[in-house]
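A.B. asks: Here you go, sequence then predicted model.
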Amino acid sequence: MKTIVCYGDSNTWGYKPEKKPPKDGFSRFSYEERWTGRLQKLLGSGYKVEEEGLNGRNTAFDDPFNPNLNGLKFLECCLQVNAPIDLFIITLGTNDTKEYFGISAPSIAMGLEQLIKKTQAGTYGPKGKKPEILVIAPAHIRNNIETKWTGGIFGKGCIEKSKALSGEYQKIAKKYRCHFLDMADLVELSEADSIHMDAANHEKFSLAVYKKINEIGSLAKLG
């Protein structure tokens, strides 16, 4: 059985786009609706898709409001828990664009680089080898975020940084010989809050990831 770990943020967790701030917890798509659950169904019983999504998670930076959101600090624990891992998918970066972090798109890509280096440094793949890594640049934040409740959280500059991540991530993926997808080419984020996928885009995203997995020789679905 092949193990695929999806290390991401709220779009991996399955956060439902909302027009207003949630008052009583967060609304979440069902496992069958989330892109991870859809990917599991597409791949079938020869694969196990491990969902490691967390609302607000960033690549490698300390969030002043929640110490658990630094993706680099939790990474090694995640790798050890899920090993041996055939494919490690990284879908992070949107939360790094928040104004209060004060970091540029190239700096966010450096955070991604730290995740890749730590993943490749250990023996987390089959038979002590390195797992394959699929880097996915996040979808672009919609231009209307300043009119949404999420705009107050993300602040100024997030749209420009979000758009710049596509090229920055591709360079890092190439440097470390990782597979690459640009989420901005695949999906569009919801009009409701400008940062989350709706159910239809979860489906589109799962199909694109499925296709990419089948392009990786060691992971291609048989039959």
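C.D. replies: Alright, I've got the coordinates.
A.B. asks: Which stretches in this protein count as strands?
C.D. replies: 2-8, 47-53, 87-91, 132-137, 179-182 (DSSP state E).
A.B. asks: and the third one, how far out from the chain's middle?
C.D. replies: Yep, that's strand 87-91 we're talking about. Distance of strand 87-91 from its chain centroid, counting by C-alpha atoms, centre = their mean, to the nearest Å, is 7 Å.
A.B. asks: Pick the most deeply packed of the strands of the chain.
C.D. replies: Greatest average neighbour count among the strands of the chain goes to strand 87-91 (a mean of 26), per mean count of other C-beta atoms under 10 Å. C-beta coordinates here come from the backbone N, C-alpha and C atoms, glycine included.
A.B. asks: Pull up the pairing partners for that strand, direction included.
C.D. replies: The pairing partners recorded for strand 87-91 under DSSP bridges are strand 2-8 (parallel), strand 132-137 (parallel).
A.B. asks: Please name the residues that touch the nearest residue to Gln170 once chain neighbours are set aside.
C.D. replies: In this structure, Gln170 finds its nearest non-sequential neighbour in Phe180, 5.6 Å apart by C-beta to C-beta, 6 or more residues apart in numbering. Phe180 makes contacts with Leu134, Val135, Ile136, Ala137, Tyr169, Gln170, Ala173, Lys174, as judged by C-beta atoms under 8 Å, 6 or more residues apart in numbering.
A.B. asks: Count the neighbours of the closest residue to Leu72 other than its chain neighbours for me.
C.D. replies: Counting by C-beta to C-beta, 6+ apart, Leu72 lies nearest to Ala60, which is 3.8 Å off, once chain neighbours are set aside. Neighbourhood size, Ala60 [other C-beta atoms under 10 Å]: 20.
A.B. asks: how near is Ala60 to Ile172?
C.D. replies: Distance check for Ala60 against Ile172: by C-beta to C-beta, to the nearest Å, it reads 12 Å.
A.B. asks: Check the contact lists of these two and give me the overlap.
C.D. replies: Common neighbours of Ala60 and Ile172, using C-beta under 8 Å, 6+ apart, are Leu112.
A.B. asks: got any ranges where the protein has weak pLDDT?
C.D. replies: In the prediction, the chain carries residues with pLDDT under 70 at positions 220-223.
A.B. asks: which residues in it form helices?
C.D. replies: Using DSSP state H, the helices assigned to the chain run over residues 10-13, 35-43, 71-82, 105-121, 151-154, 158-175, 199-213.
A.B. asks: out of those, nearest to Gly53?
C.D. replies: Proximity to Gly53 (C-beta to C-beta) singles out helix 10-13 among the helices of the chain, at 3.0 Å.
A.B. asks: What is that closest one packed up against?
C.D. replies: Using 3 or more C-beta pairs under 8 Å, 6 or more residues apart in numbering; DSSP states H and E, the elements in contact with helix 10-13 are helix 35-43, strand 47-53.
A.B. asks: which one of those lies closest to Glu215?
C.D. replies: Smallest distance to Glu215 across the helices and strands packed on helix 10-13 (C-beta to C-beta): 13.6 Å, for helix 35-43.
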